[in-house]
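[1] 3D, please:
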Amino acid sequence: MEKLSERTIEERLDKIEGWEYVNEAIETTFEFKDFREAFATMTHIAFECEVQGHHPDWNNVYNTLNIRLSTHDAGGVTEKDFVLAHAIEKIIEGV
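    Modelled structure (predicted):
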């Protein structure tokens, strides 16, 4: 998988609300009603990550979930990261 240019990344970020490009990754933060909802959503996202064979750097503090996506083998953001970001957004919409 080939690393995307900053210009391409910025163009694609215009189509996915709430995500930004920071230090060779795209990242976002979600806030939920409580810890249970945050953790349940993380579990749902984890299953999707397994299907795609692509895993985020993420952390959770109570009702907040921070997600950071990059393709480590490529040394930056690739198409795989945007595919996963869009899948995550669909999961969030269903919460």
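[2] can you map out the strands along the chain?
    For the chain, the strands defined by DSSP state E cover 20-22, 25-31, 57-61, 64-69.
[3] dump these into CSV; add mean neighbour count as well.
    (Glycine included, C-beta is placed from N, CA and C.) Converted to CSV, the strands of the chain look like this (neighbours: other CB atoms under 10 Å):
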stretch, mean neighbour count
strand 20-22, 13
strand 25-31, 18
strand 57-61, 13
strand 64-69, 19
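[4] in this structure, which spans are helices?
    Secondary structure of the chain, counting by DSSP state H: helices at 6-13, 35-52, 79-93.
[5] and among those, the most buried is which?
    Highest mean neighbour count of those: helix 79-93, a mean of 17 (counted as mean count of other CB atoms under 10 Å).
[6] so what does that helix touch, helix or strand wise?
    strand 25-31, helix 35-52, strand 64-69 (3 or more CB pairs under 8 Å, 6 or more residues apart in numbering; DSSP states H and E).
[7] can you tell me how far the residue nearest the centre of the chain sits from residue 24?
    Nearest to the mean C-alpha position of the chain, counting by CA atoms, centre = their mean, stands residue 85 at 4.2 Å. From residue 85 across to residue 24, the span is 15 Å (CB to CB, to the nearest Å).
[8] any idea of the pLDDT on residue 1?
    Model confidence at residue 1, given as pLDDT, is 83.
[9] show me what contacts it?
    Contacts for residue 1 were tallied using CB atoms under 8 Å, 6 or more residues apart in numbering; they are 71, 73-74, 78-80.
[10] kindly report the same for residue 24.
    70, 75-77.
[11] need the phi and psi values for it.
    phi 70, psi 20 (degrees, to the nearest 10).
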